[in-house]
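J.: Dropping a prediction and its sequence here:
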Amino acid sequence: MEVIVLVDNTVNRRGLIAEHGLSLLVRWGEGGVLFDTGSGTALFQNILNMGLDPREIKGVALSHGHYDHVGGLKRLLELCGPLPVFAHPSIFLRPNTIERTIKRDT
């Protein structure tokens, strides 16, 4: 198993984007699960600049509904197609939820 930091507040490599938020790729064998999606700006550029293939993402686990952890979800699903998303049901109940983040982007 390998954990790759895709989005964080800081970067340590040229060509990557830092942003407020977090996204980790937990990878094993031929695939992996994305843990959070960051704010939404850096995720795909960082995936590509790290030489990773977004098709290896087999699902998404969301820690909570704040924009800096779920902001990239809509774009991820648009680019990668349907994926299983694992989250606590209350992620949709708080004022700063994923639902508001997704509506903001539409």
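T.: Structure's in. What do you need?

J.: Need the pLDDT of the spatially most central residue of the chain.
T.: Note on the chain: the residue nearest the mean C-alpha position is residue 37, at 1.6 Å, using Cα atoms, centre = their mean. At residue 37, the model reports a pLDDT of 95.

J.: Could you say which helix or strand holds it?
T.: If you go by DSSP states H and E, residue 37 is not part of any helix or strand.

J.: can you tell me which residues contact residue 6?
T.: Contacts for residue 6 (Cβ atoms under 8 Å, 6 or more residues apart in numbering) come out as 23, 24, 25, 34, 38, 42, 43, 46, 47, 50, 52. C-beta coordinates here come from the backbone N, C-alpha and C atoms, glycine included.

J.: Confirm it sits in a strand?
T.: Yes - per DSSP: H, G, I helix; E, B strand; the rest coil, residue 6 lies within a strand segment.

J.: which residue packs closest to it, ignoring adjacent ones?
T.: residue 23 (4.3 Å; Cβ to Cβ, 6 or more residues apart in numbering).

J.: List the contacts of the one you found.
T.: Residues near residue 23 by Cβ under 8 Å, 6+ apart: 5, 6, 7, 34, 35, 36, 37, 38, 42, 43, 72.

J.: Next, give phi and psi for the fifth one.
T.: Spelled out, it's residue 35. Phi and psi for residue 35, reported as degrees, to the nearest 10, are phi -100, psi 110.

J.: The residue nearest to it when sequence neighbours are not counted - how many residues pack around it?
T.: In this structure, residue 35 finds its nearest non-sequential neighbour in residue 24, 4.3 Å apart by Cβ to Cβ, 6+ apart. Residue 24 is flanked by 19 other residues according to other Cβ atoms under 10 Å.
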